[in-house]
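Chemist: need a structure here:
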Amino acid sequence: MSGSSGKPLTDCPSNLKEAIDWILRVAGKDGGGGNDNGPKLAQAITELPEFKEAIKAAAKKLRENSDVNMALALEKLEASGTLGELINKLADGLKGFIGYQGNDGTIGQIIGIAMKPTENNGKPYESRNKAKEDSAGYISYKKGYIWSYPKGMTWQNGWNNPSHAEAKTCARIFLSCIPLYYYGLGFLFLKCQKPEIEGGWSDHSLNGDKDLTYFLRSQGFGREELRDDKKTGSHVVSSALNTFSEFNGAKTTLKNFVEFLSKIGSNLNDAIKGESKSAEKLKEHCIPALFLASSTYFTHKRSINPTQSPQPPSSIRTMLYWLSGLMITPQFGELLDHFSTIVPADFKVAVSGLAGGSGLRILSADDLVGHLVRVCLSCSNVLAAIQGTGGSDNPLLHGVFSNTEHLKYPSVSSALLRNISDYTYALQFQLSFLFRQCRYDCAKAGGWEKCKYGNGVSDDNLQSHLCNNHNSSPLQAFLTDKLPSFNRTIPGSISTHLSECSGVTCHVPMGFNGHLKGDQKTGETIYDTLAYFCGDSKDSLNQFCNKLSCLTKRTPRSLGDLFGFTWQLTGQLFNKTQTLEQLKKTISRNHNNVDDFIAKLTQSLTQVPPQSSPEESGLVKSLQTMARMIPFLYQMFTVKPEEFLPTRLFDLKGYEHKESHANLTSVHNCTNGSTGDNCGPYLSPLAYSTGTTFAPKYASPYLSWVLYLTDDLQSGFQEMLEAFNNMQCQSNSDTTHAPRGNCSCESVVQCGGVLPLLYANGFTFRSAYSLMNNVKRSCQKFHDQLSNVLAEGAPLTKLLETIDAFLYMFRYYFLSNLSTFWTIYIGLILYTFFFLLDTLHLRSHIKLTASQTIPPLVLLTSAKPLPITKLTYIGK
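Modeler: Here you go, the predicted structure:
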């Protein structure tokens, strides 16, 4: 290979952008010079022994099942000529998708999604790496598409021999890239076409702040590389992907992604009927035809490599492998169909924190399918950023799709979905922490932005997570599960999570020990990679976890989860009420009577605002329907309105900074306090964004969580405060936090034991930068504020008192009626046994008045006198 900087062709792509750049470089259609090596690549693929075996085995099985057409198509794909033509057709289409024109590598102004590169001294940048090396040029000319494989990386003459090691590597890489083309471009086409499906992206800007941009960013396209000339998603279909006839032929009756994939497959099957025309027809369906070859190859690879029994993933690394390989499994298609059976029709949810703000929306099966596809497409990118792409010996994607980790995929869709729920939640939890830690460097916020990881980086002799020097890297230690106080993880299978780690959050291990063999990088690389995967509520992982948790009613699993649920639910309950802030301002101007204020506040909390339509009220209406009975119950027991449950919830969250306030706001996002205040942005749940969607139909379970889990919130905070008091101070290992003022750390962020404590309870710092700088807070201030939250008379304590009173009042009539029923029941039982049945022979000893009286007529008659045994008190 030539000596130009950049990725060699034997370095496996890890996302859709790199996969596109790779095949364009091999085919010589990116303007970087070189010949069209598509036929040589096709020959290398057909000469792979396992490829030949896979095609023959699959074709034989298809013929046995009377599917002759598909068998013929597979046999045509075994010919290098047919495969070479398909590769050439694919490269032509991808060239238009990016926007290359001619052979000089220029980006067009009419077609494509890419920004025209800005020239650097008359020459376009050859690679992303070279652009960053030239710091002055990069700052001055940072916009423009930069290809991942520069022109110096070409197909070498020695690779023309199909048995050459590098030729085989390239063949395996291409087979691994095909699922990215199939799912990535197909999903993009479906979302951007017109007339658009529900939730489509046809009007989304290519370089904006909506889902289309987020998807492209997650697939490796930098913001500076995308067009900024107001082109929208419809441009992607009408221009960039217009050459792929297989997509256009499937869009006429579209409703969702599952139907789209099914239509593509059926169109391919219809097109290849007849042996004489099957090879020609395959060219009109190049992407599905190539996917047929790729999936056949990897299905065969999985079947011939069972060197050990498959096991479920037990680390973040293997979960990323599992999700990346899910798309190529036979179970994936059945899983996509399964979503339509578990999502109720017209399933409405209230969503906050997403584009457009809070509001009622329909959650459809296609929403979940789309987010899952995006998650699966992005997992390989995360893997590559952390452990590297595997080198030429073992390309990363090839290992993922071949299931070299021997991971188990359940055959039943319901079991598969349960696994997906557990694995995505674990990923969201761990990777969100990693993302936030890599945002800043240690000097600014105790982060890992400048910390190194990779081959040869030391992780020995670390005392804390603070990266004060770079002799040993806490980031490397975290990835290899060796970081002190952070390595309490699940032993063995994820199924032992609850049984082995009861009472404290026990995190899934990262699992990268022995696998960090790539080039040395810094935390900034991880931050950039995770920024569009789990860094924002709009990202694919967060949205999928969020909506799936809502659908499955996933209960909070840690103190951080419970904190986030309480915060988000309270926000949903009050944010859509009759503008509470306006109400408070009006009352403060016109009313000095606190009782009047409370009465109006209660009225606003228990009535749907008249100006809100049913569609706008959503979750609020369902929750407030249940809340209407609360004043009725409370009035019967003469409870003051300020002690109503909705009012207590409002007080617990809090909405503004107040002196000495002790609500959740004071420890979550309060940044308005002065340096003398204790409140501050201390706590942020690691799975914060997974609690932003609530379903109105589940209002009853949500209320029960508030009633029965708030006590766990208080006890969790108490245990965390106790652990904080017993923690050794980082600056003086001989002292603990318990005696007031003992800690001499400059801020709570710089105290090495605090972050591990928060992490163990499902939290991280809300704003480590603020706590170290503009709203600087010490350990003592954190201790005092958390103590205030738990203090007697604080909103949390009052809420618990109100919950106890509410449960008592709610159960009062049940207890009264039940007691009355049991009293009557027991009385009847006693009467029957002791009097009517006379089981203890007590009646003969009861001398009743009637038993001593003889009727006068009896004495005057000639009849025999009544036997004495007939008397009541003598007879049995």
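Chemist: Neighbours of residue 44, how many?
Modeler: For residue 44, the count of nearby residues is 28 (other CB atoms under 10 Å). The C-beta positions use only the backbone N, C-alpha and C, and glycine is treated the same way.
Chemist: Hmm, residue 171 and it touching each other?
Modeler: Yes. In this structure, residue 44 is within contact of residue 171 by CB atoms under 8 Å, at 4.1 Å.
Chemist: between these two, what contacts are shared?
Modeler: residue 162 (CB atoms under 8 Å, 6 or more residues apart in numbering).
Chemist: Convert stretch 519-536 to PDB, retaining C-alpha atoms only.
Modeler: What follows is stretch 519-536, C-alpha atoms only, in PDB (Å, rounded to 0.1, in the frame of the first residue of the first chain):
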ATOM      1  CA  ASP A 519      -4.300   2.200  18.600                       C
ATOM      2  CA  GLN A 520      -4.100   4.400  21.700                       C
ATOM      3  CA  LYS A 521      -6.900   7.000  21.900                       C
ATOM      4  CA  THR A 522      -8.300   9.400  24.400                       C
ATOM      5  CA  GLY A 523     -11.700   9.800  26.100                       C
ATOM      6  CA  GLU A 524     -12.600  12.400  23.500                       C
ATOM      7  CA  THR A 525     -13.000   9.600  20.900                       C
ATOM      8  CA  ILE A 526     -15.500   7.800  23.100                       C
ATOM      9  CA  TYR A 527     -17.300  11.000  23.800                       C
ATOM     10  CA  ASP A 528     -17.600  11.800  20.100                       C
ATOM     11  CA  THR A 529     -18.800   8.300  19.300                       C
ATOM     12  CA  LEU A 530     -21.400   8.100  22.100                       C
ATOM     13  CA  ALA A 531     -22.700  11.700  21.500                       C
ATOM     14  CA  TYR A 532     -25.300  10.400  19.000                       C
ATOM     15  CA  PHE A 533     -25.900   7.000  20.500                       C
ATOM     16  CA  CYS A 534     -26.800   7.800  24.200                       C
ATOM     17  CA  GLY A 535     -25.700  11.400  24.800                       C
ATOM     18  CA  ASP A 536     -29.100  13.000  24.300                       C
END
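Chemist: ok, and for it, which residues are buried?
Modeler: Residues of stretch 519-536 classed as buried: 521-523, 525-527, 529-535 (neighbour count, 16 or more other CB atoms under 10 Å).
Chemist: mean confidence score for that stretch?
Modeler: The average pLDDT for stretch 519-536 rounds to 90.
Chemist: can you list contacts of it?
Modeler: Stretch 519-536 is contacted from outside by 214, 217-218, 378, 381-382, 385-386, 388, 427-428, 431-432, 434-435, 437-439, 447-457, 475, 539-542, 689, using CB under 8 Å, 6+ apart.
Chemist: related to what we said a few turns ago, let's see which of the buried residues of stretch 519-536 end up in strands.
Modeler: 521-522 (DSSP state E).
Chemist: tell me how far stretch 39-57 is from the chain's mean position?
Modeler: Taking CA atoms, centre = their mean, to the nearest Å, one finds stretch 39-57 lying 38 Å from the centre of the chain it belongs to.
Chemist: Find the residue at the geometric middle of this protein.
Modeler: Centroid-nearest residue in the chain: residue 545, 3.1 Å away (criterion: CA atoms, centre = their mean).
Chemist: Surely that one touches residue 425?
Modeler: Yes. Assessed by CB under 8 Å, residue 545 is found in contact with residue 425 at 5.8 Å.
Chemist: can you count the residues close to residue 114?
Modeler: Neighbour count of residue 114, defined by other CB under 10 Å: 23.
Chemist: sorry, that was for residue 839
Modeler: Around residue 839 there are 10 residues (other CB under 10 Å).
Chemist: before we move on, what about residue 830?
Modeler: 10.
Chemist: and the gap between residue 216 and residue 94?
Modeler: Using CB to CB, to the nearest Å, one gets 14 Å for the distance from residue 216 to residue 94.
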